[in-house]
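Engineer: One predicted model, sequence on top.
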Amino acid sequence: MNWYGSANGLNNEFRGSSALQQVATAEGRTTGTDQTGRTARHQANEALRLGFDYALAPSRAWA
């Protein structure tokens, strides 16, 4: 019989920023907008895996 196991962990942090400038003209009028933004995201994950393998004796194996 063979026993096995593993443990994994993940910890990520993502940060970003953006900027947008727009100008629009309609019916002779012009308007503009400025936008800025920031984002942050955190991701965490943990996993545990346990198991075993068992080999049957040839006399007990499926044919």
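Structural biologist: Received, thanks.

Engineer: For P58, grab phi and psi.
Structural biologist: Per-residue torsions, P58: phi -50, psi -30 (degrees, to the nearest 10).

Engineer: Neighbours of it, how many?
Structural biologist: 6 (other C-beta atoms under 10 Å). Backbone N, C-alpha and C define where each C-beta goes, glycine included.

Engineer: how close does it get to A40?
Structural biologist: 59 Å (C-beta to C-beta, to the nearest Å).

Engineer: And for A26?
Structural biologist: When A26 is compared with A40 (using C-beta to C-beta), they lie 36 Å apart.

Engineer: What's opposite Y4 in the beta bridge?
Structural biologist: G51 (DSSP bridges).

Engineer: Return the set of buried residues in stretch 9-23.
Structural biologist: Buried positions in stretch 9-23, judged by neighbour count with 16 or more other C-beta atoms under 10 Å: none.

Engineer: For the helix or strand where D34 lies, name the packing helices and strands.
Structural biologist: In this assignment (DSSP states H and E), D34 forms part of strand 29-53. Contacts defined by 3 or more C-beta pairs under 8 Å, 6 or more residues apart in numbering; DSSP states H and E place strand 29-53 against strand 2-26.

Engineer: List the contacts of the strand it packs on.
Structural biologist: Contacts of strand 2-26 from elsewhere in the structure, counted by C-beta atoms under 8 Å, 6 or more residues apart in numbering, are 30-54.

Engineer: Stretch 45-53 too?
Structural biologist: So stretch 45-53 is contacted by M1, N2, W3, Y4, G5, S6, A7, N8, G9, L10 (C-beta under 8 Å, 6+ apart).

Engineer: which element is L56 on?
Structural biologist: Going by DSSP H and E, L56 is not in any helix or strand.
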